[in-house]
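>>> 3D model of this:
(3 chains)
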Amino acid sequence: MEKRVAAVKMRNITKTFGSVVANDKVWLDIYKGEILALLGENGSGKTTLMNMLSGIYFPDEGDIFINDEKVVISSPKDAFDHGIGMIHQHFKLVDVLTAAENIILGLEGKLDLKVASEKIRQICDSYGFDVDPNQKVYDMSVSQKQTVEIVKVLFRGADILILDEPTAVLTPQETDKLFAVLRNMRDAGKTIVIITHKMHEVEDLSDRVAILRHGHFVGDMPTKNTDAQEMTNMMVGHSVNLNIVRPDPVDPQPRIEVNGLTVRSIEGVLKLEDVSFTAMSGEILGIAGISGSGQKELLEAIAGLQPVESGSVCYIEDDGTREELLGKDPLSISEMGVTLSFVPEDRLGMGLVGGMDLSDNMMLRSFRKGKSFFTDRKSPRRLAKQVVKELDVKTPGIETPVRKLSGGNVQKVLVGREIASAPKVLLTAYAVRGLDINSSHTIYDLINQQKQKGVAVIYVGEDLDVLLELCDRILVLCAGKVSGIVPGRGAKKRDVGMMMTRLGGNNNE
Amino acid sequence: MLEAILSFLPRAIAQGTPLLYGSTGEIITQKSGNMNLGIPGVMYVGGICGVIGAFLYEQSLPSPDAINPALAVLIPTLFCLIGSLLMGLLFCFLTVTLRANQNVTGLAMTTFGVGFGNFFGGSLIKLSGADIPFLALSATSNCFKKTLPGAAQMGWFGKVFLNYSFLVYFAVAIALVASFVIKRTRTGLHLRAVGENPNTADAAGINVNRHKYLATCLGCMVAGLGGLYYVMDYAGGIWANDAFGDRGWLAIALVIFTVWRPNVGVLASFLFGGLYILHMYIPSGMNLAVKELYKMLPYVVTIIVLIISSLRNQRDKQPPQSLGLPYFREDR
Amino acid sequence: MNKTKQPLFHIVKRGEMPWYFSWGIRAAAIVLALVCCGLISTIVTSENPIQIFVTIFDGSFGSSRKFMVLLQNTAMLLCIALALTPAFKMRFWNIGGEGQALAGALASAACMILMKNQPNLVVLPCMVLTSIVAGALWGLVPAFFKARFGTNETLFTLMMNYVATQLVAYFSVVWENPKGSGNIGVINPNTMVGWFPEILGNKYALNILIVAVVTVAMYIYLNYTKHGYEISVVGESERTARYVGIKVEKIIIRTMLISGAICGLAGLLLVGGTNHTLNSAIVDGRGFTAVMVSWLGKFNPIWMILTSFLLVFLGRGAGEIATDFGLNSSFGDILTGIILFFIIGCEFFINYKLSLTKTSKKEEK
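Okay, here's the model as predicted:
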């Protein structure tokens, strides 16, 4: 076995936030010239650990060694000085500045954008990036922004690159391109750490995996000596059944009929174009697509939150009466007697109020009930207690602001409230994003229960494996258009993936 | 008519100069993401500190004729800068280091600053033993008011463009330099990044707190000069309590009016200066009441500009994105 | 390259803490502020510090008249602070309390002057109605533009203050009495038309009573009504509000109408119940001080009674020092400023704590 040189050694690293221990005495070695995949469930402390390498956080305890030399990284600048660059999950770019201005941000010396642009072009040429130095960031797509981030780190001559869930926002093609670039960099001697929870990416890209669980370091191994099941078990701490149940739909009836739906954003960009489909009661209709293909607009249009250019959304009662939902706001939709529940993507910014406690958040849906000028505080309290009990929400009490809960518990509160109103239609957007495996399965079970009660569920997801296992039918969106609708049973991941990037999924177009 | 314009323009410019200092200072401050509503107070403090300096210097002289023009300008200016710097440090300590709410801190600073100005102003008036309710420092003021030589020989051109004291040209120069620095230098780039998105700036290795401190303190010092100009030049060295009025608030309004560009501020503040004194030039006969309505003009214009600028939703004509928000790296 | 520079301590957010802890810190800050003020006063007046504090107390409790003035001023400040609170809870920075109160004052003075021959039974209700409408209108204008176009409300409301000031200045000349003075003077000094009646043998009692009622009503409104709940949701997150079908524009306008209306009421109390005259300085900066009262009281009407009392008490005390020791009356503003700085600064120690950096002593194997 060749001698491996540790580029970074982290020893006994501990970091706490208030009473939460994010990292507890973590030991981690990162070797020169490797791609290390850092694995762990959400909240296991992966990002926190890497943030201490990049100088965002400062460890409460522990030491960091770079090339066997003890260093103190107390600011991002220190990190750059040690050749460490991090590409954060939420891009750290200033929207109103250009690509070049963002790239040279924080460097010293005279400001000369011409020289900088030249150097940026060189970097782009050698790795195959495409960046216009003079483009403003607010005009860029997500993948362009990510490219700027990577160029920014390379521009500073970083030898150790840390990427925090870089593929979450990319199309499969963009992901492939990124991976090719990362392999190039590794071959050029750079050290790369990639934080992810997508198993196939780990297997595809990395040389070695290191796993964290609840802030502890659990173990590491060469990627070729392990498999997805083993890694998952190590992440969770016990063996996990990765299967999702899918009961057959009982007596499906048309519930929501969408016809020719076309939506434009405020800037005039076409977000949805001529989308038509029918969601049936008692079934789960999955919506697949690259992020930003119009999923958000579709759900919000049905929920009455999105102005629509043309088309229709019909709600069909059990007895066949049809009601048009378009042009109505959420209030008038519920006044029509249509119980429509919506679990939005942005839980704390839209679905819940972070600063309010559980009980007040339950009230969001019910506070209008009754003619009284005053609010009824009793029933939301009851509901909060019930949700905490039934969904096993981990919280100090129902008076705790939901912002203080962990992601999984926040989602349980939100889903719990939304299904408490006994909906006929349930819209969910990325319902398990950021949730650990156990919480995800709780959510799948809840959704399945609703389906069996005859609710028409529309499930927008990002993980194709889950969509294929959970949904009865899958509608694939591609750039705002319906690329096709396939049955969930028996569909091939490859085909669906193809449909996400190309209308109809046909190769020979 | 020409005569009227020739007398109006210089007065508008003189009236606009304190506003220009104030708004340039506030723009520098706001670019770093700090919303300093204490600027009116800072300008009072700047003015009174200059007065204190001048007073002490004049008292130390055997006779007013022994005045040394260089010292007479230097001492009050230094006092003014130190006074307003301390105000800036106070604001930064509370809002940056202690992360207090900027609106509340700013308002408290205005209360404090105006009180400070009036208290010391009043006390000095008492000390000077005069029975008039104001303090006159005409000897010092004469040094401040020196204009360019030869202005009188240049006809109308000299009257409109050359007939001012150094503080007026200095205000224009500061505004232009500030514009250049913000737009074209690395410091300016970093400052903008801090005001737009401190998280990003921090991750890029920019010291957020240092930039906020520097910009805010510098901004306060620039604004303080506005107060100094007002007493020493505009008011002829006469300090009367509350005379500076609400110019500080107008300076803050100018920041929005100019969409955070100090170079535009040069013209805009002279325009506002014009609006401020317009009521003296509008013939209203004996009707004094109507004059009060004309004094409304600068405020009404500001409101209209506010509305218009909110109608045009252009991306690069917005306030710095994190304006008014405290920054804490480990917030999560 | 051996960098051993390590931060000595760093700042961390505190978790939950008992209420007495946070109020303990605030009390400590106030005590520190008082000590600081005492020190400064001692330096300025060269009196002994005990005497200074005695004088501060004298300013408020020295005579029953002084005590009533204290209560009256507290009530007026509290009234405007109460008015601003719903707007603040909605994250609408209404710093136009001054102008809204002036608008109310102007309206009541107008009623008193124009209806001077009518009986009080007609004039008083007219004053109440017009002043509330005027205040509400002054609040409505910025609210409308905020709701429709997102116009920055902080500067808008600020500018509205000066528009109101100039409007009052205009009418001060129009209604001047005696001619040529540019002042209105006491309105209806003989007939007392439009003057609030004395109750309990005290001319301020009615004002204080009205504000007490408003306080309780505001507390209930914010905490127990559907409107209050909607305000909180809009303040916390506009997107959540839209998501549950709350019409944000409507809430902004409705809340600012209420905010302006209560400010208008404060203007009425100032003209009809206190000064019986009108000038552009009648609100006396309370619109700004009220911002701090509301914020320091955590937008809770009950705590705000305390904060407004504290500020008025200190202001009166400082004023007393000023007159007793022959200082300028602005001395009070300086002391108020210092106390505010302490209270503002102490919030940091409630929300964060400093912790020393620990270095792990364990050596590597």
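>>> Please export the C-alpha coordinates of stretch B:311-324 as CSV.
The C-alpha coordinates for stretch B:311-324 follow below in CSV (Å, rounded to 0.1, in the frame of the first residue of the first chain):
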residue,chain,number,x,y,z
LEU,B,311,-42.1,52.0,-8.5
ARG,B,312,-39.0,51.4,-10.6
ASN,B,313,-37.9,48.1,-9.3
GLN,B,314,-34.4,48.1,-10.8
ARG,B,315,-32.0,45.6,-9.4
ASP,B,316,-29.0,47.9,-8.9
LYS,B,317,-31.0,50.8,-7.6
GLN,B,318,-31.9,49.1,-4.3
PRO,B,319,-30.5,49.8,-0.9
PRO,B,320,-27.6,47.6,0.3
GLN,B,321,-29.3,44.2,0.9
SER,B,322,-28.3,43.8,4.5
LEU,B,323,-28.9,47.4,5.5
GLY,B,324,-30.0,47.7,9.1
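>>> now it, how far from the chain's geometric center?
Between the centre of stretch B:311-324 and the centre of its chain there are 23 Å (C-alpha atoms, centre = their mean, to the nearest Å).
>>> hey, where'd the helices end up in the stretch 301-450 of chain A?
When secondary structure is read from DSSP state H, counting those that start in this stretch, the stretch 301-450 of chain A shows helices at A:330-335, A:358-366, A:378-390, A:407-420, A:437-452.
>>> for the third one, which positions count as buried?
When burial is assessed from 16 or more other C-beta atoms under 10 Å in any protein chain shown, helix A:378-390 yields the following buried residues: A:380-381, A:383-384, A:387-388. Every residue, glycine included, has its C-beta placed from N, CA and C.
>>> Show me which residues of the stretch 201-350 of chain C sit near chain A.
By C-beta under 8 Å from any C-beta of the partner chain, the part of the stretch 201-350 of chain C that sits against chain A consists of C:224-230, C:232-233, C:236-237, C:239-240, C:242-247.
>>> switch the cut-off to 10 Å
Counting by C-beta under 10 Å from any C-beta of the partner chain, the positions of the stretch 201-350 of chain C adjacent to chain A are C:220-221, C:223-230, C:232-247.
>>> Stretch C:336-351 near chain B at all?
Yes. Remark: stretch C:336-351 sits within contact range of chain B at C:336-349, C:351, by C-beta under 10 Å from any C-beta.
>>> Low-confidence ranges, the chain, go.
No chain specified, so I'll use chain A. Low-confidence regions of chain A, defined by pLDDT under 70, span residues A:1-3, A:18-19, A:42-43, A:169, A:171-172, A:238-242, A:504-509.
>>> wait, chain B
Low-confidence segments of chain B, defined by pLDDT under 70, are located at B:1, B:130-131, B:150-152, B:284-286, B:313-316, B:330-332.
>>> coming back round to it: for residue B:42, which of the helices of the stretch 301-450 of chain A is the nearest?
Ranking the helices of the stretch 301-450 of chain A by distance to residue B:42, with C-beta to C-beta as the measure, places helix A:358-366 first at 41.0 Å.
>>> and that closest one, does that touch chain C?
Yes. Contact of helix A:358-366 with chain C is found when judged by C-beta under 10 Å from any C-beta, involving A:360-361, A:363-366.
>>> Leaving out chain neighbours, which residue sits closest to residue C:77?
Excluding the flanking residues, the one nearest residue C:77 by C-beta to C-beta, 6 or more residues apart in numbering or on different chains is residue C:308, at 4.5 Å.
>>> Now the helix or strand containing residue C:56: average pLDDT?
Taking DSSP states H and E as the definition, one finds residue C:56 inside helix C:49-61. Rounded to a whole number, the mean pLDDT of helix C:49-61 is 81.
>>> Only alpha carbons, please: show that helix as PDB.
This file holds the C-alpha atoms of helix C:49-61, laid out as PDB (Å, rounded to 0.1, in the frame of the first residue of the first chain):
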ATOM      1  CA  PRO C  49     -23.600  62.700  44.200                       C
ATOM      2  CA  ILE C  50     -26.200  62.000  46.900                       C
ATOM      3  CA  GLN C  51     -27.600  65.500  46.400                       C
ATOM      4  CA  ILE C  52     -27.800  64.800  42.600                       C
ATOM      5  CA  PHE C  53     -30.000  61.800  43.200                       C
ATOM      6  CA  VAL C  54     -32.100  63.600  45.700                       C
ATOM      7  CA  THR C  55     -32.700  66.200  43.100                       C
ATOM      8  CA  ILE C  56     -33.600  63.600  40.500                       C
ATOM      9  CA  PHE C  57     -36.300  62.300  42.800                       C
ATOM     10  CA  ASP C  58     -37.400  65.800  43.600                       C
ATOM     11  CA  GLY C  59     -38.000  66.400  40.000                       C
ATOM     12  CA  SER C  60     -40.800  63.700  40.000                       C
ATOM     13  CA  PHE C  61     -41.900  63.400  43.600                       C
END
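>>> Can you point out the buried residues in the helix or strand that it is followed by?
Using DSSP H and E, the helix or strand that directly follows helix C:49-61 along the chain is helix C:64-89. Buried residues in helix C:64-89, defined by neighbour count with 16+ other C-beta under 10 Å: C:69-89.
>>> hey, C-alpha coordinates of the helix or strand following helix C:64-89 in CSV?
Per DSSP H and E, the first helix or strand lying C-terminal to helix C:64-89 is helix C:97-114. Coordinates of each C-alpha in helix C:97-114 appear next as CSV, following Å, rounded to 0.1, in the frame of the first residue of the first chain:
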residue,chain,number,x,y,z
GLY,C,97,-45.7,59.2,15.5
GLU,C,98,-44.7,62.9,15.8
GLY,C,99,-46.5,63.8,12.6
GLN,C,100,-49.5,61.6,13.3
ALA,C,101,-49.9,63.1,16.7
LEU,C,102,-49.5,66.6,15.3
ALA,C,103,-52.2,65.9,12.7
GLY,C,104,-54.5,64.9,15.5
ALA,C,105,-53.5,68.0,17.5
LEU,C,106,-54.2,70.2,14.5
ALA,C,107,-57.6,68.7,14.0
SER,C,108,-58.6,69.2,17.6
ALA,C,109,-57.3,72.8,17.7
ALA,C,110,-59.2,73.5,14.4
CYS,C,111,-62.4,72.3,16.1
MET,C,112,-61.8,74.4,19.1
ILE,C,113,-61.1,77.5,17.1
LEU,C,114,-63.8,77.1,14.4
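>>> How many residues are close by the closest residue to residue C:176 other than its chain neighbours?
Nearest residue to residue C:176 in three dimensions, chain neighbours excluded: residue C:182, at 5.6 Å (C-beta to C-beta, 6+ apart). By other C-beta atoms under 10 Å in any protein chain shown, 13 other residues sit near residue C:182.
>>> Three-state assignment for residue C:182, please.
Judged by DSSP: H, G, I helix; E, B strand; the rest coil, the three-state class of residue C:182 is coil.
>>> what's the answer for the one 10 residues further on, then?
Secondary structure for residue C:192, judged by three-state DSSP, is coil.
>>> Enumerate every residue touching it.
Contacts were defined as C-beta atoms under 10 Å, 6 or more residues apart in numbering or on different chains; by that measure residue C:192 touches C:112, C:120, C:186, C:276.
>>> how about the nearest residue to the first one, chain neighbours excluded?
In this structure, residue C:112 finds its nearest non-sequential neighbour in residue C:194, 3.5 Å apart by C-beta to C-beta, 6+ apart.
>>> looking at the helices of the stretch 301-450 of chain A, which is closest to residue B:299?
When the helices of the stretch 301-450 of chain A are compared by C-beta to C-beta, helix A:330-335 sits nearest residue B:299, at 38.2 Å.
>>> by contact count, what packs against that closest one?
strand A:340-343, helix C:238-243 (3 or more C-beta pairs under 10 Å, 6 or more residues apart in numbering or on different chains; DSSP states H and E).
>>> quick one: contacts of that helix?
Under the contact criterion C-beta under 10 Å, 6+ apart, helix A:330-335 has outside partners A:300, A:302-305, A:315, A:323, A:325, A:328-329, A:338-340, A:342, A:365, A:368, A:421, C:242-247.
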